[in-house]
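> Next come a sequence and a model predicted from it.
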Amino acid sequence: MREFLKIALNLFLISLASAAILGLVFMQTEKARKRNERTRMEQAMLTYVTPTPGAPAPAGVAFRSIHRYLVEGADGPVRSAIGYVLPAQTGPVVLLLTPEGALEKVAPITGDHDLEDEAERDRAVAQALGGKVRLTYTDSYAVAVKDGQRLASFIRGRTQGFKTWVHMLVALSPDNTVRGLDILEQEEDPGLGGDIGYEYFRNQFMGRTLEALEKLKVVKLPLPRDYRMCLERSRWPKLDVGADEIERMCQTHRDDDIYAITGATISSTRVTAGVKKLVHAFVTRMRAIDAVAAREGIALTF
């Protein structure tokens, strides 16, 4: 019995040590994975920083993150509000707004925190707000800035596709015109809905103003050949067509609706609806943030 207990104890200690080592390795590799993911995302966003697609991004571009929470609390001034974690000149702050956009509270985040790490950010926000609050993280935005000027904004979101969720990145210019659309993840049918990731579909959203997006429809018509040439920008260097002719083709179809992918109208329609919804929500929220920050004298760094 004594030998049995000794073996069992040794196995337990070995398992405990192995679990601890694996846990430490996971924490280190997970941090590296998240850093690499951020770097890849920033590189992708840099392609949309300039108004001209494909032009090199200017040096010194920085990305500022905006994180949004639903905040509920049973006591204190916080009842039900929207919390925004924002970068300010004096340090990061939590801006609490009512669902109607009125200011509830401004709370500075003190201490050294990695606000890109969700768990650490949750703790920092809860500490800044104080009291008993329930936080539900919803989404994040990014703004590219240089010398205090906004160059572009980026919205990550998802929409229901024909089969599963379609994850997207929408790039906007400072006046909220669409600069580009990237499909980050999707599981639509190859050769049908899977074509939402191709240039000839994604680039139909480029140059759409906020007002144009609101009126945008999806049509089940063949995509005109000259329009497809205009949309497939990566092929331009291989085309025996001058820049002026390409520009003419693009201008001809500038106000066209979205041409659905053949055999994949549902995927096309849902992506279009998703882009419209993401952009509308972002613009509405940013206008509320900018108005409150200007009124309260909060100097934001984007």
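Received it, and whenever you're ready, just let me know what you need.
> From now on I want contacts and neighbour counts done on CA atoms only, so please keep to that.
Noted.
> What residues sit buried inside the longest strand belonging to the chain?
Taking DSSP state E as the criterion, the chain has its longest strand at strand 133-146. Buried residues in strand 133-146, defined by neighbour count with 16 or more other Cα atoms under 10 Å: V133, L135, Y137, S140, Y141, A142, V143, A144, V145.
> Dump those residues to CSV, plus pLDDT.
Listed next are the buried residues of strand 133-146 as CSV, based on pLDDT from 0 to 100:
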residue, pLDDT
V133, 88
L135, 93
Y137, 95
S140, 95
Y141, 96
A142, 96
V143, 96
A144, 96
V145, 95
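> quick one: which of the residues you listed is nearest R158?
Of all the buried residues of strand 133-146, S140 has the smallest distance to R158: 12.2 Å, by Cα to Cα.
> I figured that closest one hits H67, correct?
Yes: using Cα atoms under 8 Å, S140 is in contact with H67, at 4.3 Å.
> Tell me which residues touch the most centrally placed residue in the chain, please.
In the chain, the centroid-proximal residue (Cα atoms, centre = their mean) is R156; its distance is 2.1 Å. Residues in contact with R156 (Cα atoms under 8 Å, 6 or more residues apart in numbering) are D139, S140, Y141, H167, M168, L169, V170.
> Which element, helix or strand, includes it?
Applying DSSP states H and E as the criterion places R156 in strand 149-160.
> Distance from the least confident helix or strand in the chain by mean pLDDT to the middle of the chain?
One helix or strand of the chain scores below all others by mean pLDDT, DSSP states H and E: helix 2-46, with a mean of 73. Taking Cα atoms, centre = their mean, to the nearest Å, one finds helix 2-46 lying 29 Å from the centre of the chain it belongs to.
> orientation of it relative to strand 149-160 in degrees?
120 degrees (axes from the mean of the first three to the mean of the last three Cα atoms, to 10 degrees).
> just checking, what packs against helix 2-46?
Helix 2-46 makes packing contacts with no helix or strand when contacts are defined by 3 or more Cα pairs under 8 Å, 6 or more residues apart in numbering; DSSP states H and E.
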